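Chemist: 3D model of this:
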Amino acid sequence: MKPKAKKPKNYRRILAVDIGGSHVKMRVFGRRELRQFESGPDLTPRQMVAQVQALVGNWIYDAVSIGYPGVVLHGKVVAEPHNLGPGWVGFDFHKAFGRPTRLLNDAAMQAVGSYEGGRMLFLGLGTGLGSAMIVDGVVAPMELAHLPYKKGRTYEAYVGARGLKRLGLKRWSRTVNEVVTQLSTLLEADYVVIGGGNARKLKRLPKNARLGSNDFAFLGGFRVWHHAAALPAGKGYRRSITLP
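Modeler: Below is the predicted model:
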């Protein structure tokens, strides 16, 4: 007789930590308050954890979700970030926080919070370019940022923060629209969600795209512990999310 599988604990108070190239933001699900601090190219994981713990000292939480700006495989960092300090590969976040911890790509975490069913492409316009796709509830983090786009430059070089500075707002906005349309067509997305700090600078969007919100990163941080939580019910929509 097979032993009964252990029922996962129902963690309700989730601390979601969204790590970006310029800021680290955090919120406990169910609280409106957002706390943050500056990150930058010298930030190590140990420093990140220490600053998070210092800022959320009076918050009560049972588990942690971390959105990491780089490659995550099976819940572990497998490549150092481009816009932060060293030491992320192999770092034990569970031990550092003293709580059950789930780690996923930052774009994937915001994508999970933005998902409304079907085939969704998420693109995050921040310091760099974050990307993820969810197909019928299955999450697929992607690393489109460093693929070649044109003139020897990558997608990130055109639509990331450096691209905005180099091209100016008008040309950058037009390029973002071109990139969104191209990637949406290539990946056969039903719709595109554009998030990240620079998304609000866009005045026009392709017809199948909508603006996301950083708030969805925190919702995503909750959903990764409660896969069926708050997903819309409807024809063709799955009520669960499968993480990689």
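Chemist: In the protein, what helix or strand scores lowest on average pLDDT?
Modeler: Ranking every helix and strand in the chain by mean pLDDT, DSSP states H and E puts strand 138-142 at the bottom, with a mean of 86.
Chemist: Go through it and flag the buried ones.
Modeler: Residues of strand 138-142 classed as buried by neighbour count (16 or more other CB atoms under 10 Å): 139, 141, 142. Backbone N, C-alpha and C define where each C-beta goes, glycine included.
Chemist: Likewise for stretch 163-180?
Modeler: So for stretch 163-180, counting by 16+ other CB under 10 Å, buried means 163, 164, 167, 172, 173, 175, 176, 177, 179, 180.
Chemist: The first one in helix, strand or coil?
Modeler: Using DSSP: H, G, I helix; E, B strand; the rest coil, the secondary structure recorded for residue 163 is helix.
Chemist: That one touches residue 156, doesn't it?
Modeler: Yes - assessed by CB atoms under 8 Å, residue 163 is found in contact with residue 156 at 7.4 Å.
Chemist: quick one on the thing from earlier: make a markdown table out of the buried residues of stretch 163-180 and add pLDDT and secondary structure.
Modeler: A markdown table is the format used below for the buried residues of stretch 163-180 (pLDDT from 0 to 100; DSSP: H, G, I helix; E, B strand; the rest coil):
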| residue | pLDDT | secondary structure |
| --- | --- | --- |
| 163 | 95 | helix |
| 164 | 96 | helix |
| 167 | 96 | helix |
| 172 | 96 | helix |
| 173 | 96 | helix |
| 175 | 96 | helix |
| 176 | 96 | helix |
| 177 | 95 | helix |
| 179 | 96 | helix |
| 180 | 96 | helix |
